[in-house]
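Engineer: requesting a structural model of the entry that follows:
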Amino acid sequence: MLGMLTDNEFNSATISKILLENGWSENSKIAICARLSYFDEKIICTNLIAAAKMEPVKNCILIVGKW
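Structural biologist: Model prediction:
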């Protein structure tokens with residue numbers, strides 16, 4: 001399992017693409033966690049290939065692995 005923080009340049013989409021380019025499986029699960037503990041908290045659970053194609057989420061926490 002891998003956890004990381006994102007920023008404006010290295011967001012959910014770019015990090016997903018980097019992981020795919022470096023041998024991670026397209027089906028690796030990813031949780032995109034944004035604005036945790038705020039009223040508009042968002043947690044998106046998907047796989048790497050879908051996350052790479054989604055609208056980027058910036059300034060969030062990514063958790064990638066098998067669970």
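
Engineer: who touches the lengthiest helix in the chain?
Structural biologist: As assigned by DSSP state H, the longest helix anywhere in the chain is helix 12-21. Helix 12-21 has contacts (CB atoms under 8 Å, 6 or more residues apart in numbering) with 4, 6, 10, 26, 28, 30, 32, 48-49, 51-58, 60, 62, 64. Heads up, the C-betas are built off the backbone N, CA and C, glycines and all.

Engineer: where does the protein dip in pLDDT?
Structural biologist: Residues of the chain meeting the criterion pLDDT under 70: 67.

Engineer: what's around residue 9, how many residues?
Structural biologist: Neighbour count of residue 9, defined by other CB atoms under 10 Å: 8.

Engineer: does it sit in a helix, a strand or a coil?
Structural biologist: Assigned with DSSP: H, G, I helix; E, B strand; the rest coil, residue 9 falls in the coil class.

Engineer: how much space separates it from residue 15?
Structural biologist: 10 Å (CB to CB, to the nearest Å).

Engineer: try residue 1
Structural biologist: 15 Å.

Engineer: more crowded one of these two?
Structural biologist: Shown here are residue 1 and residue 15; by other CB under 10 Å, residue 15 has more neighbours (23 against 9).

Engineer: which residues in this protein form strands?
Structural biologist: For the chain, the strands defined by DSSP state E cover 2-5, 29-34, 42-47, 61-65.

Engineer: list the contacts of the first one.
Structural biologist: The reference is to strand 2-5. Under CB under 8 Å, 6+ apart, the answer for strand 2-5 is 15, 59, 60, 61, 62, 63, 64, 65.

Engineer: what's the ChimeraX line that selects buried ones from these?
Structural biologist: To isolate the buried ones among these in ChimeraX, judged by 16 or more other CB atoms under 10 Å, type:
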select :15,60,61,62,63,64
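
Engineer: show me which of the contacts of strand 2-5 is closest to residue 37.
Structural biologist: Taking CB to CB as the measure, residue 37 sits nearest to residue 61 out of the contacts of strand 2-5, at 11.7 Å.

Engineer: and the closest one, bridged to which residues?
Structural biologist: residue 5, residue 33 (DSSP bridges).

Engineer: please state the offset of stretch 47-66 from the chain centre?
Structural biologist: 2 Å (CA atoms, centre = their mean, to the nearest Å).
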